[in-house]
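S.K.: Below is the sequence, then the predicted model.
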Amino acid sequence: MTVTIIIAAILVIPGIVILIGKGDNLIAGYNTASESEKKEINVKRLRLVIGSLLVIMGILYFLTMRESSMTSILAFAFTSSVFVIIALVLANTWAKKK
């Protein structure tokens, strides 16, 4: 149970840091982008997408991994895959400046 709490915290804490606007350098790809590439990205929307994804994944991990059964592992794998796909689509469409 302690490991589950630690892993969930490792996901939730950076998510909160990104959501409050202090962790742009934690977003993979954004921190290495050139200035011209950064101008094409709506950073507030990107923060919302990535920060929310991390918080949701941390909470989801904590809720599903409290019991270590194969059903809970598969449930986490499926639901996290769905959330990651949604976040990728939003980060590459909604978070771009038009």
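M.R.: Perfect, I can see it now. Residues are numbered from 1 along each chain as shown.
S.K.: ok, residue 11 - contacts?
M.R.: Residue 11 is in contact with 54, 55, 57, 58, 61, counting by Cβ atoms under 8 Å, 6 or more residues apart in numbering. Placement of C-beta: from N, CA and C, glycine included.
S.K.: May I ask which of these has the most neighbours?
M.R.: residue 54 (24 neighbours; other Cβ atoms under 10 Å).
S.K.: What is the burial count for the nearest residue to residue 31 once chain neighbours are set aside?
M.R.: Counting by Cβ to Cβ, 6 or more residues apart in numbering, residue 25 is the residue found nearest to residue 31 once chain neighbours are left out, at 4.5 Å. Counted with other Cβ under 10 Å, the neighbours of residue 25 add up to 9.
S.K.: what secondary structure does residue 25 sit in?
M.R.: When states are read from DSSP: H, G, I helix; E, B strand; the rest coil, the local structure at residue 25 comes out as helix.
S.K.: Surely it and residue 38 touch.
M.R.: No - with contact defined as Cβ atoms under 8 Å, residue 25 does not reach residue 38; the gap is 11.8 Å.
S.K.: Now do the SS call for residue 18.
M.R.: helix.
S.K.: if I pick it, what's in contact with it?
M.R.: 24, 26, 27, 47, 50, 51, 54.
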